[in-house]
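Engineer: sequence isn't available, so here's the structure alone:
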């Protein structure tokens with residue numbers, strides 16, 4: 001599995017949505033970036049919320065959103081793990097890692113949740 005978004009992958013992803021609103025996909029840093037993204041900041045650090053985030057990310061990616069926001073301190077690292085679960089599920093549905101842009105932040109360390 002590729003470990004990052006690529007120009008080729010994000011353009012392939014954008015091509016899946018020919019009926020997207022004009023300007024929905026924009027060029028940024030040589031990538032095709034959706035004008036909307038999904039964040040993973042709030043919520044309880046529990047399995048129910050993990051499953052909800054995973055399902056929401058899968059639905060978002062299947063609906064034309066290829067920007068996913070995370071950080072190590074979101075829900076005690078659980079958000080990043082939910083994203084990982086979503087990536088695994090999306091791969092089985094034909095949406096692969098190089099089509100998706102993951103944004104993360106560093107600097108604030110949190111204990112493992």
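Structural biologist: Yep, that arrived. Quick caveat, the model's predicted, so the values are computed rather than measured.

Engineer: C-alpha only now, for contacts and for neighbours.
Structural biologist: Will do.

Engineer: what's the helix or strand for the one residue sitting closest to the centre of the chain?
Structural biologist: Closest residue to the average C-alpha location of the chain: residue 68 at 3.0 Å, with C-alpha atoms, centre = their mean. If you go by DSSP states H and E, residue 68 is part of strand 67-69.

Engineer: residue 101 versus residue 69, what's the distance?
Structural biologist: Remark: distance between residue 69 and residue 101 (C-alpha to C-alpha, to the nearest Å) = 8 Å.

Engineer: neighbour count: those two, which is higher?
Structural biologist: Ranked by neighbour count (other C-alpha atoms under 10 Å), residue 69 and residue 101 place residue 101 first, with 22 against 18.

Engineer: need the pLDDT of the residue nearest to the centre of the chain.
Structural biologist: Residue 68 is assigned a pLDDT of 98 by the prediction.

Engineer: show me the shaky parts of the chain.
Structural biologist: 1-2, 110-111, 113 (pLDDT under 70).

Engineer: give me that answer again for 80
Structural biologist: Applying pLDDT under 80 to the chain flags the ranges 1-2, 106-113.

Engineer: doesn't residue 97 make contact with residue 13?
Structural biologist: No. If you go by C-alpha atoms under 8 Å, residue 13 and residue 97 don't touch, sitting 10.3 Å apart.

Engineer: more neighbours, these two?
Structural biologist: residue 13 (24 against 21).

Engineer: pretty sure residue 50 sits in a strand.
Structural biologist: No. Under DSSP: H, G, I helix; E, B strand; the rest coil, residue 50 sits outside any strand and is assigned helix.

Engineer: residue contacts, it?
Structural biologist: Listed by C-alpha atoms under 8 Å, 6 or more residues apart in numbering, the contact partners of residue 50 are 78-79, 82.

Engineer: cool, and residue 85?
Structural biologist: For residue 85, the contact set (C-alpha under 8 Å, 6+ apart) comprises residue 54.

Engineer: which strand or helix spans it?
Structural biologist: With DSSP H and E as the criterion, the answer for residue 85 is helix 78-92.

Engineer: likewise for residue 27?
Structural biologist: Using DSSP H and E, the element containing residue 27 is strand 25-28.

Engineer: good, wrapping up.
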